[in-house]
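>>> My questions concern the predicted model and sequence given below.
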Amino acid sequence: MFETSISHNNVPVLRIEGKIIGGAANALKREMHQQIEQEQGRGGLVLDLAKVPLLDSSALGVIIATLQFLKKMDGKLVLLNPQHAVINILQVTRLDTVLEVYSDEESATSALGS
Amino acid sequence: MAETILAVDDDIDILELIQMSLTAEGFDVITANDGMSALEKATAYSPDLILLDLMMPVMDGFEVIGKLRAETQTRTIPVIMLTARAQTHERVQGLHAGADDYVTKPFDLDELTARIEAVLGRTRSTKYINPLISTMGDWFTEEGVEQLASHLETAAVIQQNLIPQKAPDLSGFDIAGFLRSSMTVSGDFYDFIPLEDNRLGIAIADVRGKGIPAALLMVMIRTILRLICREETSPAAVLKRINDLLAIDTDPDLFATMVYGILDSAAMTFTYSSAGHCYPLHLKNGGAQVDELKMGGMILGTFDHAVFESETIPLAPGDELLLYTDGVTEAERKSDETFYGEERLSAILQSNSDQPAETLCQTIETALFDFSGTDHRDDDVTIVVIKVKDGKE
């Protein structure tokens, strides 16, 4: 359900496919942590949510924990193309004010690229 | 949820071996290969246990233990030392420095796992009690809370005990609450708090996660709420105080959503604030219209700079307010993976608006059962109904 590629400006882009609910949140956490361990992941990650119809509170928890961790290292967590239901959740929880959200990959990766 | 172990060793081969074997045992394993990054990761991830090599260049294991024990956030994380077989003196020194146990290298994987399990077993209960103690200050001793937790046997009992035992009595209103715990305990709760001048504080909250940690966070929120709600004038200020107290201590992925509102029976208003909770519904105009009270807000307990807003809506006779947790709208019909959703909920509110508050709660619960075709719930279901009497009752 995850596929990670490195953008031309050396930013990891995690493409996620499917609902992130229940146990999937732990898998997402592992994947994000693995990327952060790598040299190119230190500055942050882009999560491509174009194919994520829904995420639950566990997923939200993992995203927040990773965001907080990256912030301590002056990194960022950037969201790409969240869909309607996910946007809704981000607005209700006001996470849209602490996460950067973009609708095209170029802007998303350059928000992180050095 | 899998427990997280931070493995620290300057030998990459040993780290990989540990990571592979402990992952196979079901742990989430993160690694660090020097003392500095061990401390960073301990702070960032709050692991459940740290496996720490004593002999490392630059910052050795003793120094790491000392620094871990000096910081509030990492003070209670259990540490198992990895030492060479011959170094008895170091083992003793490490235990004095605050390590919980040791394993000698080269180690047997079964022994390592057994020691991890043993240490985790001892510390599991205190992990979530510590933040509780620091928030409540001298109110509770560690022993006191631990005893309480063991006496209560399960988190479900804690949860059931927190719920108001009877509906509040507020002139001109008919109010009821309903909570149905899922098979696995989670952290929904609701509360009614009588305030001065014929006003009533109403809270509904959903703590993320399950079991004892969620239940204890719930206890913290409820306790703080009850302590401060009379000191603050606006619901937004109440949520802000709760958030600021929680944000200091809790793990970043332990959080809650909540709506707190004040029902004023003299002014006939409802003033509320939300911390990322699903939108309450407001039935008005004699049942002709259902509004979502679209108020966003930061979730509780994660960001120390969170801000909240309050809004006041007027209430008329016959109006109804429905507060609920997402266990209602996310009740799932497995056959076609459809969720119950807000639309069905507002329709049922509209078509049953003549029912007393308590009956309406039951009607919604029955509708969820009919919809999902099972009485198994993946999440708690909590409903609070507030009806403004229209004089005919």
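Thanks, I have it.

>>> Find me the pLDDT at residue A:39, would you?
Residue A:39 carries a pLDDT score of 80 in this model.

>>> meant to ask about residue B:199
Looking at residue B:199, its pLDDT reads 95.

>>> Next: residue B:300.
At residue B:300, pLDDT is 91.

>>> ok, now residue B:293?
pLDDT, read off for residue B:293, is 96.

>>> Surely it and residue B:277 touch.
No. Taking CB atoms under 8 Å as the definition, residue B:293 is not a contact partner of residue B:277, at 10.2 Å. Backbone N, C-alpha and C define where each C-beta goes, glycine included.

>>> of those two, who's got more company?
Neighbours around residue B:293 and residue B:277, counted as other CB atoms under 10 Å in any protein chain shown, are more numerous at residue B:277. The numbers are 28 against 18.

>>> any idea which helix or strand carries that one?
Counting by DSSP states H and E, no helix or strand carries residue B:277.

>>> Give the residue spans of chain B that score low on pLDDT.
B:1, B:85-86, B:124-158, B:183-186, B:209-213, B:249-253, B:391-393 (pLDDT under 70).

>>> What of chain A?
If you take pLDDT under 70 as the line, chain A has these spans: A:113-114.

>>> And residue B:306, how far from chain A?
Using CB to the nearest CB, to the nearest Å, residue B:306 is found at 8 Å from chain A.

>>> Would you confirm that that residue contacts residue B:241?
No. Counting by CB under 8 Å, residue B:306 does not reach residue B:241; the two are 10.9 Å apart.

>>> who has more neighbours, those two?
Remark: of residue B:306 and residue B:241, residue B:306 carries more neighbours, 23 against 18, as counted by other CB under 10 Å.

>>> what residues are up against the closest residue to that one other than its chain neighbours?
Leaving aside its chain neighbours, residue B:306 sits nearest to residue B:298 (3.6 Å; criterion: CB to CB, 6 or more residues apart in numbering or on different chains). By CB atoms under 8 Å, 6 or more residues apart in numbering or on different chains, the residues touching residue B:298 are A:93-95, A:97, B:243, B:275-276, B:306-308.

>>> can you list these in CSV and add secondary structure and distance to residue B:60?
Output for these, formatted as CSV (DSSP: H, G, I helix; E, B strand; the rest coil; distance: CB to CB, whole Å):
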residue, secondary structure, distance to residue B:60
A:93, coil, 43
A:94, coil, 44
A:95, helix, 40
A:97, helix, 43
B:243, helix, 39
B:275, strand, 44
B:276, coil, 43
B:306, coil, 39
B:307, coil, 44
B:308, coil, 46
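
>>> correct me, but residue A:77 touches residue A:98?
No. The pair residue A:77 / residue A:98 is not scored as a contact, 9.1 Å apart, by CB under 8 Å.

>>> Next to chain B, which bits of chain A? Give me the list.
For chain A, the contact set with chain B under CB under 8 Å from any CB of the partner chain comprises A:26, A:29-30, A:33, A:37, A:56-58, A:60-62, A:64-65, A:68-69, A:72-73, A:91-95, A:97-98.

>>> May I ask which helix or strand encompasses residue B:63?
Going by DSSP H and E, residue B:63 is in helix B:61-70.

>>> Could you pull up phi and psi at residue A:102?
Main-chain torsions, residue A:102, degrees, to the nearest 10: phi -130, psi 160.

>>> show me the contacts for it.
So residue A:102 contacts A:78-81, A:108, A:111 (CB under 8 Å, 6+ apart).

>>> Dump the lengthiest helix in chain A to CSV, restricted to CA.
Assignment by DSSP state H gives helix A:57-72 as the longest helix of chain A. The C-alpha atoms that make up helix A:57-72 are tabulated as CSV, following Å, rounded to 0.1, in the frame of the first residue of the first chain:
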residue,chain,number,x,y,z
SER,A,57,-7.7,8.7,14.3
SER,A,58,-4.9,6.2,14.6
ALA,A,59,-3.6,7.4,11.2
LEU,A,60,-4.0,11.0,12.4
GLY,A,61,-2.0,10.1,15.6
VAL,A,62,0.8,8.7,13.5
ILE,A,63,0.9,11.7,11.2
ILE,A,64,0.9,14.1,14.2
ALA,A,65,3.7,12.2,16.0
THR,A,66,5.8,12.2,12.9
LEU,A,67,5.1,15.9,12.3
GLN,A,68,6.2,16.7,15.8
PHE,A,69,9.3,14.6,15.4
LEU,A,70,10.3,16.3,12.1
LYS,A,71,9.6,19.7,13.6
LYS,A,72,12.3,19.1,16.3
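
>>> which secondary structure elements does it contact?
Where contact means 3 or more CB pairs under 8 Å, 6 or more residues apart in numbering or on different chains; DSSP states H and E, helix A:57-72 is packed against helix A:24-37, strand A:44-51, strand A:76-80, helix B:35-45, strand B:199-210.

>>> in what helix or strand does the nearest residue to residue B:282 once chain neighbours are set aside lie?
Take residue B:282 and drop its neighbours on the chain: the residue closest to it by CB to CB, 6+ apart is residue B:291, 4.5 Å away. Assigned by DSSP H and E, residue B:291 belongs to strand B:289-292.

>>> Can you list the strands that the helix or strand that that strand is followed by pairs with?
Next helix or strand after strand B:289-292 toward the C-terminus (DSSP H and E): strand B:311-314. If you go by DSSP bridges, strand B:311-314 pairs up with strand B:269-275 (antiparallel).
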